[in-house]
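Asks: coordinates only, sequence not included:
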């Protein structure tokens, strides 16, 4: 098989062996979404089990980001149902807040708060949302900063850090809320090649701890090592879904084959 | 050692050293050449500038200091050829310029208000001093109440709140007084509070919100209002000074500070309202903002002073200064709203998403993430509004409120000081005073801007 498109070769990342459970973490049933007239998500059905790691790939504009952003209601779906951790997403603000507390998210452009120090970025949500005393929140934040290997940056501002460091801070910020599910929206796309690895390693270690992860990425090496399932999306639909080995070596759909042939080299 | 790259391959053996910049680029001569004489056009401008300074500064200094008269009892001192500024005029009218017609025996009260304001404000402005929270509570909540009591004398004789205005209280309670406190008023106040709690709580509950917490918030607002009214109503033994007697710098500062303190929070609320998802809130904010931006301040003041009493029920005649204050505050709030909206629009969508994704509620997101960044961005615009508000306060002259400039013009009419230079002296003095305040605000805003910019945005 030809080499996978990826900044980091699969051999550089350790394989992950934790197995997903039977419990359902996220359930999308017949989800549709429109931007005005544009039908952006079409009949999305996806059941993610606890501890499962899903990698979503596809050409730009295929709706992959929109799909995972629906899971924590950064985007609203218009038809079908989304059930996260047993709670169905409706227009009820309380439920939305409840779900957002349980779902962590990392963005392509990190979205750290530039006017707060790294430590304040991390402790903000625990203090205001979880009502945690500041001292405990600081400890928690330092714990996760050590985990993403940048405790020495705690008192700097986001603008003083490299892209890779910022993204690791963003991951730590999400983890401080002790989420049950993590969403990653192209976490390495805005990074210099040298920094992709450090972020991916952080994500791998998260996977080893059994975190439920949905990850939009084009890092196929990561998908191969970490994912339980790989999803290929195009034109707002799920085209193909399979275990990574079968997905990469034996794609079924013509569109998938075309996509893979373009990114494999 | 120089190298050429004509054979196409190259491997660096030693790192290039760091060298100091060329000598010609630094030093005063280089600075002058770069900044003052960098071309024909700039050289011309520089010469023109020098010419301007030479023709303006020496006569100004001569008028203000060298030829100026420093002592004297009346106009006699300032008559004669080649006389500069007539400072005895300012000295004689100084009290009037500061206090207006505030009774001379009571001027110490104004002094205390000024001093207290300065003492409370300075710790807020210096970032390194502690107790910011207590300090702002004192300045924004306690100080206005105290200042009101000191300046007016308090004892506002509260007799009717809302229900009594419809004649609903006194027939049942009578005119009982308890230690100088009007019982009817407080019965009225209490009943109105309950009424509002029920109405607001019920309305919110009807809309599907948390009626209980809305009712509780209403209660707190009314409790705070009650505490303020109680303080204002208490007889502290100060004589009553009606606002018609206020004047000079006192009025200028009262209007400017009230306008500034009221317009910022109001403007923020309006800006948030204008960007709200709720159509009714958005529409109301837009109507409010566009209405106030559409009328000149003079019209607002005229309306508040001469037309409003015609529309209000008989007997309710709010104080003239109060009406002007409200007019100025609402007027500048509309401008402030647009400044703040500019800041809000500059915040990237990612900041909202980041805040929502970690589970912050809308109000937490606005308070902790969006507004701190948005307001920092628009500090120049905000201070711009403050400065123009400060200078616009002089417009209250047309509704017969004598602010600093108004008092000065009144002083010009004194025949005792009618000299050819009185006018120039007065306006020069006014210019210096206004410049002192406006330039101070401007410099302080620069300082704050530089300080907040340490967050190194990406």
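Replies: Arrived safely, thanks for sending. The structure displayed is predicted, hence computed values, not measured ones. Numbers count the residues shown, from 1 in each chain, chains lettered A, B, ... in the order given.
Asks: can you list the low-confidence ranges for chain A?
Replies: A:1-18, A:265 (pLDDT under 70).
Asks: try 80
Replies: For chain A, the stretches flagged by pLDDT under 80 are A:1-22, A:264-265.
Asks: tell me what the top helix by length along chain B is packed against?
Replies: Secondary structure assigned by DSSP state H gives helix B:422-452 as the longest helix of chain B. Counting contacts by 3 or more C-beta pairs under 8 Å, 6 or more residues apart in numbering or on different chains; DSSP states H and E, the secondary-structure elements packed against helix B:422-452 are helix B:87-99, helix B:379-392, helix B:404-412. C-beta: built from backbone N, CA, C; applies to glycine.
Asks: for stretch B:58-75, give the mean pLDDT please.
Replies: Averaged across stretch B:58-75, pLDDT comes to 88.
Asks: next, the buried residues of that stretch.
Replies: Of the residues in stretch B:58-75, those buried under the neighbour-count criterion (16 or more other C-beta atoms under 10 Å in any protein chain shown) are B:63, B:64, B:68, B:69, B:72, B:74, B:75.
Asks: next up, the contacts around the residue most central in space within chain A.
Replies: Closest to where the C-alpha atoms of chain A average out (C-alpha atoms, centre = their mean) is residue A:184, at 1.8 Å. Counting by C-beta atoms under 8 Å, 6 or more residues apart in numbering or on different chains, residue A:184 touches A:68, A:105, A:106, A:203, A:213, A:214, A:215, A:216, A:217.
Asks: could you measure from it over to residue A:247?
Replies: As for residue A:184, its distance to residue A:247 is 18 Å (criterion: C-beta to C-beta, to the nearest Å).
Asks: residue B:206 too?
Replies: Shown here: residue B:206 relative to residue A:247, a distance of 53 Å by C-beta to C-beta.
Asks: quick one: which of those two has more around it?
Replies: Here residue B:206 and residue A:247 are compared on neighbour count by other C-beta atoms under 10 Å in any protein chain shown; more neighbours surround residue A:247, at 24 against 9.
Asks: from the chain's centre, how far out does the helix or strand containing that one sit?
Replies: Element membership for residue A:247 (DSSP states H and E) is helix A:244-249. Relative to the centre of its chain, helix A:244-249 is centred 20 Å away, using C-alpha atoms, centre = their mean, to the nearest Å.
Asks: what packs against it?
Replies: Counting contacts by 3+ C-beta pairs under 8 Å, 6+ apart, helix A:244-249 is packed against helix A:220-226, strand A:229-234.
Asks: mean neighbour count and distance to residue B:300 for those - can I get that in a markdown table?
Replies: Output for these, formatted as a markdown table (neighbours: other C-beta atoms under 10 Å in any protein chain shown; distance: least, C-beta to C-beta, whole Å):
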| stretch | mean neighbour count | distance to residue B:300 |
| --- | --- | --- |
| helix A:220-226 | 24 | 63 |
| strand A:229-234 | 23 | 58 |
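Asks: now render those as a markdown table, adding distance to chain B.
Replies: Converted to a markdown table, those look like this (distance: least, C-beta to the nearest C-beta, whole Å):
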| stretch | distance to chain B |
| --- | --- |
| helix A:220-226 | 21 |
| strand A:229-234 | 21 |
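Asks: what's the nearest residue to the residue in the stretch 201-350 of chain B that chain A sits nearest to if we skip its chain neighbours?
Replies: When you check the stretch 201-350 of chain B against chain A by C-beta to the nearest C-beta, the closest residue turns out to be residue B:350, at 4.0 Å. Distances taken as C-beta to C-beta, 6 or more residues apart in numbering or on different chains place residue A:111 nearest to residue B:350, at 4.0 Å, with adjacent residues excluded.
Asks: do a quick rundown of the strands in the stretch 51-200 of chain A.
Replies: Taking DSSP state E, counting those that start in this stretch to define them, one finds strands in the stretch 51-200 of chain A at A:53-57, A:79-84, A:87-88, A:103-106, A:181-185.
Asks: now do the third one: distance to the chain's middle.
Replies: Put plainly, it is strand A:87-88. Its chain's C-alpha centre lies 20 Å from the corresponding centre of strand A:87-88 when counted by C-alpha atoms, centre = their mean.
Asks: so what does it touch, helix or strand wise?
Replies: Packed on strand A:87-88, when contacts are counted by 3+ C-beta pairs under 8 Å, 6+ apart, are helix A:93-102.
Asks: please compute how far the helix it packs on lies from its chain's middle.
Replies: Centre to centre, stretch against its chain (C-alpha atoms, centre = their mean), the figure for helix A:93-102 is 18 Å.
Asks: ok, stretch B:184-194 next?
Replies: For stretch B:184-194, the distance to the chain centre is 33 Å (C-alpha atoms, centre = their mean).
Asks: can I get the helices and strands packed on helix A:244-249 in TSV with distance to residue B:159?
Replies: As requested, these are exported to TSV (distance: least, C-beta to C-beta, whole Å):
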stretch	distance to residue B:159
helix A:220-226	76
strand A:229-234	72
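Asks: what are the buried residues along the helix or strand residue B:269 falls within?
Replies: Residue B:269 is located in helix B:248-274, with elements delineated by DSSP H and E. For helix B:248-274, the neighbour count (16+ other C-beta under 10 Å) marks B:248-260, B:262-264, B:266-268, B:270-274 as buried.
Asks: for that helix, packing partners?
Replies: Under the contact criterion of 3+ C-beta pairs under 8 Å, 6+ apart, helix B:248-274 touches helix B:87-99, helix B:107-125, helix B:143-152, helix B:279-294, helix B:320-346, helix B:379-392, helix B:404-412.
Asks: redo that, cut-off 6 Å
Replies: For helix B:248-274, the packing partners by 3 or more C-beta pairs under 6 Å, 6 or more residues apart in numbering or on different chains; DSSP states H and E come out as helix B:87-99, helix B:279-294, helix B:320-346, helix B:379-392, helix B:404-412.
Asks: could you give the angle of it to helix B:107-125?
Replies: With axes from the mean of the first three to the mean of the last three C-alpha atoms, to 10 degrees defining the directions, helix B:248-274 sits at 40 degrees from helix B:107-125.
Asks: so how far is helix B:248-274 from its chain's centroid?
Replies: When C-alpha coordinates are averaged (C-alpha atoms, centre = their mean), helix B:248-274 and its chain have centres 5 Å apart.
Asks: quick one, helices of the stretch 101-250 of chain B?
Replies: Applying DSSP state H, counting those that start in this stretch to the stretch 101-250 of chain B gives helices spanning B:107-125, B:132-137, B:143-152, B:170-173, B:183-206, B:211-233, B:248-274.
Asks: save these as JSON lines, and put in mean pLDDT too.
Replies: Written out in JSON lines, the entries for those read as follows (pLDDT from 0 to 100):
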{"stretch": "helix B:107-125", "mean pLDDT": "92"}
{"stretch": "helix B:132-137", "mean pLDDT": "88"}
{"stretch": "helix B:143-152", "mean pLDDT": "90"}
{"stretch": "helix B:170-173", "mean pLDDT": "72"}
{"stretch": "helix B:183-206", "mean pLDDT": "87"}
{"stretch": "helix B:211-233", "mean pLDDT": "89"}
{"stretch": "helix B:248-274", "mean pLDDT": "94"}
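Asks: out of those, deepest packed?
Replies: Neighbour counts averaged per stretch over those are highest for helix B:248-274, at a mean of 22; criterion: mean count of other C-beta atoms under 10 Å in any protein chain shown.
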